[in-house]
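A.B. asks: What would the 3D arrangement of this be:
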Amino acid sequence: MEVFIAHLPGSVDAYHRRRSFFGRGLYPASRHRRFSEKRGMIPSTPNCARRSMRAMAASTESAIAPRSREAPWSQRSNAVLETPRDAMEQLDLERGVCIPFRKYTPEAVRNKVLESRGAILSLIGRGVEIVWNLGLYWSALTYDCLVGRDEEVVPYRARQLRNLLCDLGPSFIKAGQVLANRPDIIREDYMNELCILQDDVPPFPNQVAFSIIEEELGKPLEIIFSRISSQTIAAASLGQVYRATLRETGEDVAIKVLRPGIEPIIYRDLFLFRTLASFLNGISLQKLGCNAELIVDEFGEKLLEELDYTLEARNIEDFLENFKDDPTVKIPRVYKQLSGYRVIVMEWIDGIRCTNPQAIKQAGIDVNGFLTVGVSAALRQLLEFGLFHGDPHPENIFAMRDGRIAYVDFGNVAVLSQQNKQILIDAVVHAVNEDYVEMANDFTRLGFLANGTDVSPIVPALEAIWQNSAGKGLSDFNFRSVTGKFNQLVYQYPIRIPERFALVIRSLLTQEGICFTLKPDFKFLEVAYPYVAKRLLTDPNPALRERLIQVLFKDGVFQWKRLENLIILAKENVAKMNSNPAIKAKSIQRSNSWHVKSKLDLTDTIKDGAKMFLIDAGIRRQLIMALTEDSKLHIQELIDVYRLVEDEIDISSIAVKFLQDFPSVTRDFLLSWSESMLSNR
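C.D. replies: Take a look at the predicted model:
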């Protein structure tokens, strides 16, 4: 229902804050420099570099998860009992980047809270309120255990916890939303109940919201909008959304408004959380192997980012840039001139809910094609851009009538550095090659395990999880079954799920759930493998060539069949994504601006492969052995591979690129040869 706007008095005091996210690893160097200049990003300072070097040199890694008392970690590294390094240093080390200026630090929160008069009394009052309410709840749980009814009342206690968090305010609602995705901290039945907090939060009054919009924009609403909804379209822990129509252009927009007076409450609660974490950290490390400060710092950093809608506007700009040439993805435009710190105005997305398969079919959209579009978009965010939508629940993803997938709400995003992306790809390669020792080491490099932790007891568990999940056939693989088994693992071993990967896991699970709603027999890997194959074969990053070599060799034997399968799958992905595969209605015409490669471009791969063959003696020896394996020339296998790619290869382009790189290739070859000769002497 909509109503015409009535005048609400107000004045503007909008202000914008800029963020520094140095080293995201989202773009090639030239594009990253352009975005750094546009967004005010700054390079890492020497002090920051030294801080990261100290963190890297430190032998301790204290950021590990609490574990079940029934299943203690018998081979815990002594490192976790030592003095922990600074939590913010640990976050930088895990991310692979150093952020010299950030919205959140424990010192900044303390200064913000204690700068006002009466801060001590306010903190004491709030502390008493929190301790009293949580103490009563904890007492009830203790009583349940004493009388032996703790398991039978779990559903009731889980609902009671959800209601308690709502009563304690936005910080605790957000904490509940985070806990809903943290199997390393809370049990599954409580997680399921807390998931309700994702989209079932009471709204605040319209008049208050309209006043905030006028203050932020500096004009009466009726001057800017001709119509605005009388009820909220959505309400969350930090803000709520209205639908409106711009008076000047007649365009429909979504207005997102921050809850009033929320920032002082958030800062005060974060200060109390951090103070309690500091007080309990020694006990937490000794008894549970958990760095309480690190968990609070991760939570606080993400929470303060979500409080600033100028950051969300920049997230939208990044997503728009990433998907600007993609014919399958729709990102809403942001109206920067109508947006500020507490208000953001975005293009209205008139789409179909992804949980309504009947409506999708009636719109002339091919469901299988749409699933391919969704999985490809998610994988591009994770493995290609490193900027991942962190909250893709059914209210935030839509099917457009032209077959595109649309995302909204970009306040919560996961940012992965180039280093993190490469380690993820390494983990995929190690899984394909069944190298579980290296897979466990990948978990350490990503921050799931503490540095110095003995991974040998974890290797059999990882092997069992992967083999049980893939043993029935990779077509039956699904994230939910793997995650369920991994959730059990985190209570037996010292594993902590870093916040950014908790967002990634939740995002993948949520999107997989949407896929199952649209198609109950959905097979994730049948859709994902063609994209991964194309990326391994055609990605412009030369580092992936080494991963490709690892995939093609198993136990020193070249996998000819695997290479053929990769080429076939990659060609399938290119063919499908040449136009939007979700479009089946002939009346829908593809936009002229959609330009997608119709062929599998292997030019860079072949050029880099030839370069590696000339320079790398080890690779050269392996490839020669592959061609002469079993005392015979594998000419037929080579012919079969060539037949698969002969239509995809432009010999002239390869020759031109190789000639352009010939001086550098010659130099590298001579250096490699000279080093080999010197080492032989």
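
A.B. asks: Does anything pack onto the host helix or strand of residue 135? Which helices or strands?
C.D. replies: Using DSSP states H and E, residue 135 falls within helix 119-147. When contacts are defined as 3 or more Cβ pairs under 8 Å, 6 or more residues apart in numbering; DSSP states H and E, helix 119-147 sits against helix 106-114, helix 154-168, helix 262-283. Quick note: C-beta positions are derived from backbone N, CA and C, even for glycine.

A.B. asks: neighbouring contacts of the second one?
C.D. replies: Spelled out, it's helix 154-168. With Cβ atoms under 8 Å, 6 or more residues apart in numbering as the test, helix 154-168 has contacts from 129-130, 133-134, 137, 140-141, 144, 172-173, 175-176, 189-190, 192-194, 196-197, 201-202.

A.B. asks: one step back: how far is the helix holding residue 135 from where the chain is centred?
C.D. replies: For helix 119-147, the gap between its own C-alpha mean and the chain's C-alpha mean amounts to 34 Å (Cα atoms, centre = their mean, to the nearest Å).

A.B. asks: Tell me the buried residues in that helix?
C.D. replies: By 16 or more other Cβ atoms under 10 Å, the buried positions in helix 119-147 come out as 123, 126-127, 130, 144.

A.B. asks: relative orientation of it and helix 106-114 in degrees?
C.D. replies: 110 degrees (axes from the mean of the first three to the mean of the last three Cα atoms, to 10 degrees).

A.B. asks: which residues in the stretch 351-500 of the chain form helices?
C.D. replies: 357-362, 367-379, 418-432, 436-446, 458-470, 479-489, 499-518 (DSSP state H, counting those that start in this stretch).

A.B. asks: on contacts alone, who are the packing partners of the longest one?
C.D. replies: It stands for helix 499-518. helix 292-306, helix 357-362, helix 367-379, strand 387-389, strand 413-415, helix 479-489.

A.B. asks: weakest of these in terms of mean pLDDT?
C.D. replies: Mean pLDDT is lowest for helix 479-489 among those, at a mean of 74.

A.B. asks: which among the buried residues of helix 119-147 gets closest to residue 431?
C.D. replies: Taking Cβ to Cβ as the measure, residue 144 is the one of those closest to residue 431, at 41.1 Å.

A.B. asks: element containing the residue lying closest to that closest one once chain neighbours are set aside?
C.D. replies: Among residues not flanking residue 144 along the chain, residue 150 sits closest, at 4.2 Å (Cβ to Cβ, 6 or more residues apart in numbering). Using DSSP H and E, residue 150 is not contained in any helix or strand.

A.B. asks: how close does residue 150 sit to residue 552?
C.D. replies: 53 Å (Cβ to Cβ, to the nearest Å).

A.B. asks: what residue ranges in the stretch 551-681 of the chain are flagged as low confidence?
C.D. replies: Applying pLDDT under 70 to the stretch 551-681 of the chain flags the ranges 584-598, 630-633, 650, 654, 657-658, 665, 669, 672-673, 675-681.

A.B. asks: switch to 80 and redo it
C.D. replies: 551-558, 574-638, 641-642, 645-681 (pLDDT under 80).

A.B. asks: How about the stretch 251-400 of the chain?
C.D. replies: In the stretch 251-400 of the chain, residues with pLDDT under 80: 282-291, 355, 393-394.

A.B. asks: Residue 227 belongs to a strand, doesn't it?
C.D. replies: Yes - counting by DSSP: H, G, I helix; E, B strand; the rest coil, residue 227 falls inside a strand.

A.B. asks: What's opposite it in the beta bridge?
C.D. replies: Beta bridges link residue 227 to residue 245, judged by DSSP bridges.

A.B. asks: Could you measure from it over to residue 339?
C.D. replies: In this structure, residue 227 and residue 339 are 19 Å apart, going by Cβ to Cβ.

A.B. asks: Which one's more surrounded, these two?
C.D. replies: Neighbours were counted for residue 227 and for residue 339 using other Cβ atoms under 10 Å; residue 339 has more, 23 against 17.

A.B. asks: And the more buried one, its phi and psi?
C.D. replies: Main-chain dihedrals, residue 339, degrees, to the nearest 10: phi -120, psi 160.

A.B. asks: pLDDT averaged over stretch 436-456 - what is it?
C.D. replies: On average, stretch 436-456 scores 84.

A.B. asks: Mind listing what's buried along that stretch?
C.D. replies: In stretch 436-456, the ones that count as buried by 16+ other Cβ under 10 Å are 436, 438-451, 453, 455.

A.B. asks: what's the answer for stretch 187-197, then?
C.D. replies: 190-191, 193-197.

A.B. asks: For residue 635, state which of the residues you listed is nearest.
C.D. replies: Nearest to residue 635 out of these is residue 191 (Cβ to Cβ; 56.6 Å).

A.B. asks: Regarding the closest one, which helix or strand does it belong to?
C.D. replies: Using DSSP H and E, residue 191 falls in helix 188-194.

A.B. asks: neighbours of residue 399, just the number please.
C.D. replies: Residue 399 has 26 nearby residues by other Cβ under 10 Å.

A.B. asks: Contact partners for it?
C.D. replies: 351-354, 360, 363, 365, 370, 405-406, 582.

A.B. asks: Spatially nearest residue to it (excluding sequence neighbours)?
C.D. replies: residue 352 (4.5 Å).

A.B. asks: I'd assumed residue 346 was in a strand, is it?
C.D. replies: Yes - assessed by three-state DSSP, residue 346 belongs to a strand.

A.B. asks: For it, the count of nearby residues, please.
C.D. replies: Residue 346 has 23 nearby residues by other Cβ under 10 Å.

A.B. asks: now residue 389
C.D. replies: Residue 389 has 26 nearby residues by other Cβ under 10 Å.

A.B. asks: Can you tell me the closest non-neighbouring residue to it?
C.D. replies: Counting by Cβ to Cβ, 6+ apart, the residue nearest residue 389 is residue 407, at 5.5 Å.

A.B. asks: picking up where we left off before, could I get the helices of the stretch 351-500 of the chain in CSV, plus columns for distance to residue 89?
C.D. replies: What follows is these, written out as CSV (distance: least, Cβ to Cβ, whole Å):
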stretch, distance to residue 89
helix 357-362, 47
helix 367-379, 31
helix 418-432, 16
helix 436-446, 17
helix 458-470, 25
helix 479-489, 27
helix 499-518, 16
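
A.B. asks: For residue 629, which of those helices is the nearest?
C.D. replies: helix 418-432 (20.3 Å).

A.B. asks: Backbone torsions only: list them for the nearest residue to residue 252 once chain neighbours are set aside.
C.D. replies: Leaving aside its chain neighbours, residue 252 sits nearest to residue 348 (3.7 Å; criterion: Cβ to Cβ, 6+ apart). The phi and psi values for residue 348, taken as degrees, to the nearest 10, are phi -80, psi 130.

A.B. asks: What strand or helix carries residue 257?
C.D. replies: strand 252-258.

A.B. asks: So in that sheet, which strands flank that strand, and in what orientation?
C.D. replies: According to DSSP bridges, strand 252-258 forms sheet pairs with strand 239-246 (antiparallel), strand 343-347 (antiparallel).

A.B. asks: Out of those strands, indicate the one that is most buried.
C.D. replies: strand 343-347 (a mean of 24; mean count of other Cβ atoms under 10 Å).

A.B. asks: how about the CA coordinates for that one, as CSV?
C.D. replies: Output of strand 343-347 as CSV, limited to C-alpha atoms (Å, rounded to 0.1, in the frame of the first residue of the first chain):
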residue,chain,number,x,y,z
VAL,A,343,20.2,6.8,4.0
ILE,A,344,20.9,5.1,0.7
VAL,A,345,18.6,5.3,-2.3
MET,A,346,18.9,2.5,-4.9
GLU,A,347,17.2,1.5,-8.1
